[in-house]
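Novice: Here you go, sequence then predicted model.
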2 protein chains.
Amino acid sequence: MDSERNFEGIAQEIIALLDAKKYMRARDKILGLLEVDMAEALEEVIERLGIEYAVILFRMLPKDVSVEVFSYLPSDDQLAVVNVITDKEVKYIIDELDFDDMIDVLEELPANIVDKILEKSTKEERKQINTFLNYPDDSAGSLMTPDYISLQKDWSVGDAMAHIKRVGMDSETVYTCYVKDRGRKLIGIVSLRTLVISEPETPISGIINEDVVYVNVYDDQEDVSEMFKKYGYLAIPVVDNEMRIVGIITVDDIFGVIEEEYSEDFERMAGVLDSSDAEYLDIGVFKHVRNRLPWLMLLMISAMLTGGIIRSFERLLSNVISLAVYLPMLMGTGGNSGSQSATLIIRGMAVGDIEMRDAHKVLWKELRVSLIVGLALSVLNMVKIILLDRENVLVAATVCVSMAVIVTMAKCIGGMLPMLAKRVGIDPALMAAPMISSLTDILSCLTYFTLASFVLRL
Amino acid sequence: MDSERNFEGIAQEIIALLDAKKYMRARDKILGLLEVDMAEALEEVIERLGIEYAVILFRMLPKDVSVEVFSYLPSDDQLAVVNVITDKEVKYIIDELDFDDMIDVLEELPANIVDKILEKSTKEERKQINTFLNYPDDSAGSLMTPDYISLQKDWSVGDAMAHIKRVGMDSETVYTCYVKDRGRKLIGIVSLRTLVISEPETPISGIINEDVVYVNVYDDQEDVSEMFKKYGYLAIPVVDNEMRIVGIITVDDIFGVIEEEYSEDFERMAGVLDSSDAEYLDIGVFKHVRNRLPWLMLLMISAMLTGGIIRSFERLLSNVISLAVYLPMLMGTGGNSGSQSATLIIRGMAVGDIEMRDAHKVLWKELRVSLIVGLALSVLNMVKIILLDRENVLVAATVCVSMAVIVTMAKCIGGMLPMLAKRVGIDPALMAAPMISSLTDILSCLTYFTLASFVLRL
């Protein structure tokens, strides 16, 4: 994208201008950008020149622009800005932010600053803010905003349009409006599209859509993002246990959720715990250790089991020392084969292509694939071991037969374990990786040495 | 979600009713659902009872509903339906579909059916359809729809609202309108929100927003999804090389792109090639083999190198056979350590947390983390080897020092290789996995045996 390349250049110019203390020219440059790009430029200024320069530039922005830019900064940069500007400036920003952005900021600020900010709010405001601050981190409640448009059932389309005109600027979206009964219960939605193409005198009750898809305030954010993917809506209302609407979630807030989910899956498959939102570079060394050590330890202990198996075949090994040469290759190929299958199945289940009832189809497919793959790898090995290594043909046969058996076992285990994990209610990504590598290692070793004892009659 | 649980029950009832040939009651049941859920119910009918039953039900739906439901079916089920219904019915569906859905369907249909459908279209229509069919699979062009609202610069807000009222029902979105000059060049956008809160006599030129974010028709869909994530827009216009607007992409089409991208990353990290859109169960055995074998072969060949190293230390190994007991554990832990780091870095780069210039910070962090992790694992090993295995203290020392060195090397390589891959323009997910496992395997072996020769003076 041209605009992307352009933006990088402008950010560099702004940094150079600030560094040369040409503040007014830096201001003119940044004002040529969109707010979200201004925020990105400020981020770079903070990183390259420090927070002081960034705040000089930030203070030179028009007030309404500065609030918008602030809302786009990552939370650690927001905190850095708050720590440098005056209390009065902080209060102004907080007051002007959209409600959901304000909640996000307040969640990150130290309690004493939050208290100071809330001091001057009305009792009503404080109550609402505290309610929002208390929703669990991964819940629909933590994603929603109370700034939506609500209509009365007995209004006309003309009334509704006049209402939207009045309050539309302060709403997160005006494109879906929510119709409530007297008890704040959600009874339906009306899209702005429908309002616009209807005659002004039409009653709202005549165009209301009562098939509303909604979520509960305590529903998991992952379920919410699934609903957005499925229905393609721009916003979904959030209700409490009495079906009273308490807020809405808009589609732009879902991208972050999707990203978080996928990162979690990735990290689990690589054996890293606790994928908090924190960025890699912001996480301390000891926290990184805590996230990674347990997994490595678990896998190491299971590898010790493999060591025990090797030890029990020590006599065999000391007689035919070259068996050791092929062991890592067999174990490695087994592990890789298994993780290929597991990844495909985990992804297939995640996107809904593979259901529990498909288990036998998966097994049948993996069985056939693995027989062909195993055979191919065996033949390659046979050629290499006999021609290049000039190894005993019995050793070659042992390695090749083991290879075929190991690949087949590994692929079938890799295909079945994620489904088994799901059946017993464990996240497949979390359980599959270590279980598969441990199981295939142990089975690879046992298969290889047992076959060797048999073939080599030792 | 209650509605989710409910839906599964209703789908089962529909299948039972169809199976008992109570078609009218099945029809009443399915009509109680939202269109996207009807499509899901039909999918289950196809899978459980076969396409014939599904088509009976499909034909009983009101015509406009059936088109909508058709658009939500996965493409293999669409094809199955098309093969069973009459040409006239196919033609009706194609005509009534939204333009972008129609293109998606036409792309999947066999050429002779497409020709028959296009026979009765006007020359103009055929030309447009063919243009859309020809955009590359992963391009912005393949995602866009030409059904958007365009406004004239010299109109008033009132004119615009009247225009939207007239054509609004056929547009993909009415919430962002596009302003073109006489030469079809895009000059700005106006949101419906702005139109609604403006007075009818306001000229469009007075409220037009000229800071438009747009994409080129040949831009990669991954870049498009990045822009949606960054800007949070509901739609982004697509222009040709002359800046003429040719279509728009709406946010609901982006979820599929994001899913595709992540699946690709996953599969690459697990060493599976060619993540086409096809579902796991739909891919044939030989295609699965072709997707997986190359990677396994590559990794196996690199493991043969490791075998070569082991062979060169055969004399050492035959003297101290118990060295072989600990080799798989050391290699495995090295591989796991490296892949943990690589995954974190690949994810960090993908979401923009880690930039190229952070390389030294990454290295410094990985170095400290790995020293602590390596030390912890070494101590655990020392205790186990001496107390449980009652092994020679020199062997124990060799294993423990090797462990610390291997973990440190693996984590530093795991941290740096993905960045190096990106620097030279290779997808980090694609290159990192095999390179890291090969490199750590080879280095683990060399470290262990070299240290052993030294410590054990053999």
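Specialist: Alright, I've got the coordinates.

Novice: switch to C-alpha atoms for all contacts and neighbour counts from now on
Specialist: Will do.

Novice: Count the residues that sit near the closest residue to residue A:114 other than its chain neighbours.
Specialist: Take residue A:114 and drop its neighbours on the chain: the residue closest to it by CA to CA, 6 or more residues apart in numbering or on different chains is residue A:106, 6.3 Å away. Neighbours of residue A:106 under the rule other CA atoms under 10 Å in any protein chain shown: 20.

Novice: and residue A:106, how far is that from chain B?
Specialist: Residue A:106 is 22 Å from chain B, where distance means CA to the nearest CA, to the nearest Å.

Novice: I'd like to know the average pLDDT value across the host helix or strand of that residue.
Specialist: In this assignment (DSSP states H and E), residue A:106 forms part of helix A:99-108. What helix A:99-108 shows for mean pLDDT is 83.

Novice: one step back: wait, doesn't the residue nearest to residue A:114 sit right on residue A:115?
Specialist: No - the pair residue A:106 / residue A:115 is not scored as a contact, 9.8 Å apart, by CA atoms under 8 Å.

Novice: Can you give me the buried ones in the helix holding residue A:106?
Specialist: By 16 or more other CA atoms under 10 Å in any protein chain shown, the buried positions in helix A:99-108 come out as A:99, A:100, A:101, A:102, A:103, A:104, A:105, A:106.

Novice: As a check, name the ranges of all strands in chain A.
Specialist: Per DSSP state E, chain A carries strands over the ranges A:149-152, A:176-180, A:186-191, A:215-216, A:235-239, A:245-250.

Novice: Mean pLDDT and distance to residue B:400 added to these, as TSV?
Specialist: Shown next, in TSV, are the strands of chain A (pLDDT from 0 to 100; distance: least, CA to CA, whole Å):
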stretch	mean pLDDT	distance to residue B:400
strand A:149-152	90	65
strand A:176-180	92	63
strand A:186-191	93	64
strand A:215-216	94	53
strand A:235-239	94	55
strand A:245-250	92	53
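
Novice: Who does the nearest residue to residue A:146 once chain neighbours are set aside form a beta bridge with?
Specialist: Spatial nearest neighbour of residue A:146, chain neighbours left out: residue A:247 (4.3 Å); criterion: CA to CA, 6+ apart. Note on residue A:247: beta-bridge partners by DSSP bridges are residue A:238.

Novice: Residue A:258 against residue A:225, yeah?
Specialist: Yes - assessed by CA under 8 Å, residue A:258 is found in contact with residue A:225 at 6.8 Å.

Novice: Quick check: residue A:420 vs residue A:264, distance?
Specialist: 20 Å (CA to CA, to the nearest Å).

Novice: out of the two, which sits in the busier spot?
Specialist: Set side by side, residue A:420 and residue A:264 show more neighbours around residue A:264, with 21 against 17, by other CA under 10 Å.

Novice: tell me which parts of the stretch 51-200 of chain A are close to chain B?
Specialist: Near chain B, the residues belonging to the stretch 51-200 of chain A are A:161, A:164, A:165, A:166, A:168, A:174, A:175, A:193, A:196, A:197, A:198 when assessed by CA under 8 Å from any CA of the partner chain.

Novice: among these, which ones are buried?
Specialist: Among those, those classed as buried by 16+ other CA under 10 Å are A:161, A:164, A:165, A:168, A:174, A:175, A:193, A:196, A:197, A:198.

Novice: check contacts around residue A:340.
Specialist: For residue A:340, the contacting residues are A:411, A:414, B:267, B:270, B:271, B:272, B:292, by CA atoms under 8 Å, 6 or more residues apart in numbering or on different chains.

Novice: Now with 7 Å, please.
Specialist: B:270, B:271, B:272 (CA atoms under 7 Å, 6 or more residues apart in numbering or on different chains).

Novice: quick one: pLDDT of the first one?
Specialist: Think residue B:270. Note on residue B:270: pLDDT of 70.

Novice: Number of residues surrounding it?
Specialist: By other CA under 10 Å, 25 other residues sit near residue B:270.

Novice: again with residue A:119
Specialist: Neighbourhood size, residue A:119 [other CA under 10 Å]: 11.

Novice: Look up how far residue A:90 lies from it.
Specialist: From residue A:119 to residue A:90 the distance is 13 Å (CA to CA).

Novice: ok, which residues in the stretch 301-450 of chain A are in contact with chain B?
Specialist: Counting by CA under 7 Å from any CA of the partner chain, the stretch 301-450 of chain A comes close to chain B at A:303-304, A:307, A:310-311, A:318, A:321-322, A:324-326, A:328-329, A:333, A:336, A:339-340, A:343, A:347-348, A:353, A:365, A:368-369, A:373, A:377.

Novice: show me where pLDDT drops low in chain A?
Specialist: Along chain A, the model assigns pLDDT under 70 to residues A:1-5, A:274-277, A:430-433, A:458.

Novice: Pop the domain breakdown of it in here.
Specialist: Per automatic domain parsing, the structural domains of chain A span A:2-134, A:149-256, A:280-455.

Novice: For these, give me a markdown table that also has distance to residue B:298.
Specialist: Below are the domains of chain A laid out as a markdown table (distance: least, CA to CA, whole Å):
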| stretch | distance to residue B:298 |
| --- | --- |
| domain A:2-134 | 37 |
| domain A:149-256 | 36 |
| domain A:280-455 | 10 |
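
Novice: any idea which of the ones you listed is most buried?
Specialist: Greatest average neighbour count among these goes to domain A:280-455 (a mean of 20), per mean count of other CA atoms under 10 Å in any protein chain shown.

Novice: The residues of the stretch 301-450 of chain A next to chain B in helices, which ones?
Specialist: With helices taken from DSSP state H, the overlap with these comprises A:303-304, A:307, A:310-311, A:318, A:324-326, A:328-329, A:333, A:336, A:339-340, A:343, A:347-348, A:365, A:368-369, A:373, A:377.

Novice: can you give me the helices for the stretch 351-458 of chain A?
Specialist: Ranges of helices in the stretch 351-458 of chain A, per DSSP state H, counting those that start in this stretch, are A:359-383, A:393-423, A:428-455.

Novice: what's the shortest one in contact with?
Specialist: Looking back up the chat, that one is helix A:359-383. Contacts for helix A:359-383 (CA under 7 Å, 6+ apart): A:396, A:400-401, A:403-404, A:407-408, A:411-412, A:415-416, B:285, B:288-289, B:293, B:297.

Novice: and if you look at stretch A:241-251?
Specialist: Against stretch A:241-251 from outside (CA under 7 Å, 6+ apart): A:143-146, A:148, A:184-186, A:234-240.

Novice: Can you give me the first-to-last residue distance of it?
Specialist: Taking CA to CA, stretch A:241-251 runs 23 Å from one end to the other.

Novice: Skip the chain neighbours and tell me the closest residue to residue A:192.
Specialist: Distances taken as CA to CA, 6+ apart place residue A:175 nearest to residue A:192, at 4.8 Å, with adjacent residues excluded.

Novice: what do you get for residue A:48?
Specialist: Residue A:48's closest residue in space is residue A:15 (CA to CA, 6+ apart), at 7.8 Å.
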